[in-house]
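[1] Any chance you could fold what I've pasted below:
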Amino acid sequence: MDLTEAECQEFRDRGWIVVSDVFEAHEVELLSDAALEVLERPGPEVGRELDGSPHVSWGMHLFDKRLAALCRHEDLINPSRTLLSNEVYVHQSRINMKQTNGSIVAWHQDFGTYHRVDGVPEPNGVMIAVFLDDVTEVNAPLLAVPGSHKEGLVSTASLDPTSTDFEQVSKYRYDITDETMAQLVDQYGLETITASAGSVLFMDMTVVHGSSVNISPLRRLLLYVNVCPVDNRGETYERPEYYAARDFSSIVPVSSEEFQVAGQT
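    Now for the predicted structure:
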């Protein structure tokens with residue numbers, strides 16, 4: 001898949017683009033099955049809601065061959081190379097699932113943690129989200145501030161030790177203050193990111209985003225493959241490998257056909 005110049009310009013201007021119909025229904029089903037299996041793992045890489053139900057799993061490519069193949073899929077990697085003008089490695093992958101009453105995710109930048117904790121030096125990377133469910137206005141879509149990537153790293157962000165899931169998801173997330181959020185939204189606005197299952201979001205790692213509680217009966221399942229240029233690697237190793245990469249080699253993409261074979265073996 002090749003991005004058009006218009007799509008590249010939209011990414012530069014707004015901070016993200018959504019490409020529809022990248023994955024077919026049977027591929028979405030394959031990936032959904034893999035994601036749900038990984039979410040049932042008992043290890044520390046799985047974060048849970050207060051009721052014990054899983055809602056995030058870090059390092060998905062380390063635990064399932066289908067998800068490992070996804071992280072090398074040409075329709076994810078080649079556009080990322082184009083957007084970053086470089087070879088890329090996977091800094092982090094994860095599964096995000098919001099079921100009914102799935103909890104809030106406070107305002108943050110993924111790069112905030114990658115820089116402050118993992119030692120990734122430059123605000124230069126792409127968050128790739130594969131939609132495995134239809135995401136509409138009603139099932140807690142991502143909320144994002146268009147153009148906020150132009151601010152670079154937002155300095156007024158801090159850890160919240162009072163968070164209910166501090167031992168898991170929020171332990172390393174630097175939340176952006178209410179005052180700064182108000183200023184950003186006043187300057188840039190705020191939008192929802194909706195898409196049908198099989199679509200792919202490419203988002204700059206410095207875009208400010210979050211999501212609300214899912215009060216609908218409709219699940220929202222996303223797979224993230226977050227990549228950086230090979231010359232923008234993490235320089236500290238505070239977190240386990242499922243949170244932050246140890247392998248900084250450039251990804252060799254696999255074709256759609258190779259991806260499907262990987263899912264069958």
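
[2] Please identify the helix or strand for the residue nearest to residue 25 when sequence neighbours are not counted.
    Distances taken as C-beta to C-beta, 6 or more residues apart in numbering place residue 198 nearest to residue 25, at 7.1 Å, with adjacent residues excluded. (Each C-beta comes from the backbone N, C-alpha and C, glycine too.) For residue 198, there is no host helix or strand (DSSP states H and E).

[3] wouldn't residue 198 be in contact with residue 20 here?
    Yes - counting by C-beta atoms under 8 Å, residue 20 is a contact partner of residue 198 at 7.4 Å.

[4] one step back: what about the residue nearest to residue 25, distance to residue 137?
    19 Å (C-beta to C-beta, to the nearest Å).

[5] quick one, which of those two is more surrounded?
    residue 198 (20 against 9; other C-beta atoms under 10 Å).

[6] Quick check on residue 204: phi, psi?
    Dihedral pair for residue 204: phi -60, psi 140, per degrees, to the nearest 10.

[7] Now it: closest residue in space that isn't a chain neighbour?
    Residue 204's closest residue in space is residue 149 (C-beta to C-beta, 6+ apart), at 4.0 Å.

[8] Does the nearest residue to residue 82 once chain neighbours are set aside belong to a helix, a strand or coil?
    The shortest distance from residue 82 to any non-neighbouring residue, by C-beta to C-beta, 6+ apart, is to residue 3 (5.4 Å). Classification of residue 3 by DSSP: H, G, I helix; E, B strand; the rest coil places it in coil.

[9] Which residues lie in contact with residue 151 in this structure?
    Shown in contact with residue 151 (C-beta atoms under 8 Å, 6 or more residues apart in numbering): 184, 206, 208.

[10] quick check, the second one in a helix?
    Put plainly, it is residue 206. No - using three-state DSSP, the assignment for residue 206 is coil, not a helix.

[11] Can you tell me how far the residue nearest to residue 204 is from residue 7?
    In terms of C-beta to C-beta, residue 149 sits 16 Å off from residue 7.

[12] Looking at the two, which has the bigger crowd around it?
    Counted by other C-beta under 10 Å, residue 149 and residue 7 do not tie: residue 149 has more neighbours, with 24 against 17.

[13] Regarding that one, what is its secondary structure?
    Going by three-state DSSP: residue 149 is helix.

[14] same question, residue 66
    helix.

[15] give me the number of residues near it?
    So residue 66, with other C-beta under 10 Å, has 22 neighbours.

[16] Quick check: chain neighbours aside, which residue is closest to it?
    residue 34 (4.1 Å).

[17] thinking that neighbour is in contact with residue 67, fair?
    Yes - the pair residue 34 / residue 67 is scored as a contact, 5.3 Å apart, by C-beta under 8 Å.

[18] so how far is the helix or strand bottoming out on mean pLDDT in the chain off the chain centroid?
    Taking mean pLDDT, DSSP states H and E as the measure, strand 157-158 is the helix or strand of the chain with the lowest mean score, a mean of 74. Its chain's average C-alpha position is 19 Å from that of strand 157-158, according to C-alpha atoms, centre = their mean, to the nearest Å.

[19] same question, stretch 37-53
    Using C-alpha atoms, centre = their mean, the offset of stretch 37-53 from its chain centre is 18 Å.
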